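Novice: Sequence plus predicted model, see below.
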Amino acid sequence: MEPGLVVDILSRWVHVGTTIVLVGGSVFLRFVLMPATAELPDADEQALRARVVSIWRKFVGMGIGLLLLSGLYNYVRAVPLHKGEGAYHALIGTKMLLALVVFFLASALTGRAQAFERLRENRKKWLGVTIVLAATVVALGGIAKVAFRGSPSTPSENPAVSTPAEG
């Protein structure tokens with residue numbers, strides 16, 4: 001296996017795996033943990049939330065970093081395959097902008113900055129918004145991957161993309 005292909009595969013795994021962890025964790029927080037702690041005494045609920053957020057904050061920070069690095073790498077590798085495909089670049093541009101909004105919301109919800117305390121006061125709503133936006137980002141990525149296959153001159157130029165004859 002060609003070294004470049006190994007890096008391409010690892011980057012894709014990192015990107016998809018990190019997305020699974022962050023979106024899955026957010027869904028768990030919003031739809032499992034928040035309802036489960038709703039009936040706890042206020043002091044207990046706040047103490048548990050503080051402990052969970054202090055741990056989750058590390059996942060969010062590392063995850064955003066991994067997604068930025070692997071996403072940039074994946075995009076740079078994909079650009080030559082989609083030269084002149086304006087719709088592809090518009091779709092990916094939209095995906096990137098929405099991802100930045102998701103990163104902002106996730107950071108604000110797990111952060112400590114006083115400026116974003118109002119978001120944290122309504123965390124149920126904003127976590128829901130974050131999940132919907134993250135699902136949209138995933139959907140746009142899936143559409144881009146399936147609907148725009150790219151067109152290398154020859155299969156040897158990009159072994160990750162097979163021609164119909166290669167299956």
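Specialist: That came in fine, so what should we check first?

Novice: Show me which helix runs longest in the chain.
Specialist: helix 42-78 (DSSP state H).

Novice: For it, enumerate the helices and strands it packs against.
Specialist: Judged by 3 or more CB pairs under 8 Å, 6 or more residues apart in numbering; DSSP states H and E, helix 42-78 is in contact with helix 3-28, helix 34-37, helix 86-110. C-beta coordinates here come from the backbone N, C-alpha and C atoms, glycine included.

Novice: Is it possible to get those out as TSV so that each row also shows mean neighbour count, mean pLDDT and distance to residue 48?
Specialist: Shown next, in TSV, are the helices and strands packed on helix 42-78 (neighbours: other CB atoms under 10 Å; pLDDT from 0 to 100; distance: least, CB to CB, whole Å):
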stretch	mean neighbour count	mean pLDDT	distance to residue 48
helix 3-28	15	96	14
helix 34-37	13	96	6
helix 86-110	17	97	15
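
Novice: Could you dump those helices into a markdown table and include distance to residue 118?
Specialist: Formatted as a markdown table, the helices and strands packed on helix 42-78 follow (distance: least, CB to CB, whole Å):
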| stretch | distance to residue 118 |
| --- | --- |
| helix 3-28 | 19 |
| helix 34-37 | 18 |
| helix 86-110 | 10 |
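
Novice: if we can go back for a sec, report the mean confidence score over the longest helix of the chain.
Specialist: Summarised as a single mean, pLDDT over helix 42-78 is 97.

Novice: just to revisit the earlier point, and of the helices and strands packed on helix 42-78, who's closest to residue 131?
Specialist: For residue 131, the closest of the helices and strands packed on helix 42-78 is helix 3-28, at 5.3 Å, according to CB to CB.

Novice: The closest one vs helix 86-110, what angle?
Specialist: Between helix 3-28 and helix 86-110, the angle comes out at 50 degrees (axes from the mean of the first three to the mean of the last three CA atoms, to 10 degrees).

Novice: Now the longest helix of the chain: buried residues?
Specialist: Residues of helix 42-78 classed as buried: 49, 53, 56-57, 60, 63-64, 66-67, 70-71, 73-74, 77-78 (neighbour count, 16 or more other CB atoms under 10 Å).

Novice: In space, what's closest to the one residue sitting closest to the centre of the chain - neighbours in sequence excluded?
Specialist: Here the mean C-alpha position of the chain is nearest to the C-alpha of residue 19 (CA atoms, centre = their mean), at a distance of 4.2 Å. Among residues not flanking residue 19 along the chain, residue 138 sits closest, at 6.4 Å (CB to CB, 6 or more residues apart in numbering).
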